[in-house]
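# quick one, structure for this:
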Amino acid sequence: MMPAVFIAGTDTGIGKTHAACTLLHALRAAGHDACGMKPVASGCVETPHGLRNDDALALQAASSAPAPYALINPVALRDPLSPHLAAAHDGVEISLAPMRVAFDQLRASHRCVVVEGVGGWLVPLAPGLFAADIAMQWQLPVILVVGLRLGCLNHALLSARAIVADGCRLLGWIGNRVDPAMDAVEENLETLDELLPAPCLDVLPHGVAPAQAASRLAAALAALD
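Numbering: from 1, shown residues only. As a prediction, this is how the structure comes out:
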């Protein structure tokens, strides 16, 4: 398994965290020491321990060992907005440097770090800085999470095109059944399989916890290796 991987999504709210947690459980089942990371998270809530984000906490819980929250989510923002707007509301400007320090510390203590992006590939973080820059600057291979719902074909193909055009390696994609009532699911999956320039690693069923959904993904990762 590669030492780190970036989890991108076709949009916000399509299950990047669910897929990342499933991947963490799959890696752990295969005997790998794996840790999740959410470099930037908006929509954090104030707690006695500081700002906390549900997605980052889920990644922390799914990891092999509980890394400090500040390493898993070094940039925690209050408002549930695009990160550049949430950061402006908090009076801060996002930069890659503190995220990289946290990433390097996680890499030093774990076999693999699963880095979850924020929003879609081109969500702005700061002037001239996008979510994609995390994967690009850190030279991370990418797994694209496709939220299976109406419109997913266009979103998936545009995202994949942007990932490849930005010089990143697209390892594969994971379908996530965010809409259990979606019509023509199998036909859409066949279209994605035909048109996306990377293999399907798994299709995650609706309403199944990451620990229970990890077995097939573990097999796909073994084949990928």
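
# which parts of the protein are strands?
4-9, 34-37, 40-41, 45-47, 50-52, 75-76, 112-116, 124-126, 129-130, 142-147, 170-176, 200-204 (DSSP state E).

# need those in a markdown table (columns: mean neighbour count).
Just so you know, the C-beta spots here come from the backbone N, C-alpha and C atoms, and that holds for glycine as well. A markdown table is the format used below for the strands of the chain (neighbours: other C-beta atoms under 10 Å):
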| stretch | mean neighbour count |
| --- | --- |
| strand 4-9 | 26 |
| strand 34-37 | 27 |
| strand 40-41 | 26 |
| strand 45-47 | 10 |
| strand 50-52 | 15 |
| strand 75-76 | 24 |
| strand 112-116 | 26 |
| strand 124-126 | 20 |
| strand 129-130 | 19 |
| strand 142-147 | 26 |
| strand 170-176 | 22 |
| strand 200-204 | 21 |
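
# what is the neighbour count of Glu194?
Counted with other C-beta atoms under 10 Å, residues neighbouring Glu194 total 7.

# now His25
So His25, with other C-beta under 10 Å, has 22 neighbours.

# just checking, it touches Ala62?
Yes. The criterion here is C-beta atoms under 8 Å, and His25 meets it with Ala62 at 6.1 Å.

# and stretch 202-218, what's buried?
202-204, 210, 213-214, 217-218 (16 or more other C-beta atoms under 10 Å).

# could those go into a markdown table alongside pLDDT and distance to Val115?
Listed next are these as a markdown table, based on pLDDT from 0 to 100; distance: C-beta to C-beta, whole Å:
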| residue | pLDDT | distance to Val115 |
| --- | --- | --- |
| Asp202 | 93 | 19 |
| Val203 | 94 | 22 |
| Leu204 | 93 | 19 |
| Pro210 | 86 | 17 |
| Ala213 | 79 | 20 |
| Ala214 | 81 | 18 |
| Leu217 | 75 | 17 |
| Ala218 | 69 | 19 |
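
# coming back round to it: reformat the strands of the chain as JSON lines; add distance to Glu190.
JSON lines is the format used below for the strands of the chain (distance: least, C-beta to C-beta, whole Å):
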{"stretch": "strand 4-9", "distance to Glu190": "21"}
{"stretch": "strand 34-37", "distance to Glu190": "31"}
{"stretch": "strand 40-41", "distance to Glu190": "34"}
{"stretch": "strand 45-47", "distance to Glu190": "41"}
{"stretch": "strand 50-52", "distance to Glu190": "41"}
{"stretch": "strand 75-76", "distance to Glu190": "39"}
{"stretch": "strand 112-116", "distance to Glu190": "28"}
{"stretch": "strand 124-126", "distance to Glu190": "34"}
{"stretch": "strand 129-130", "distance to Glu190": "31"}
{"stretch": "strand 142-147", "distance to Glu190": "13"}
{"stretch": "strand 170-176", "distance to Glu190": "11"}
{"stretch": "strand 200-204", "distance to Glu190": "10"}
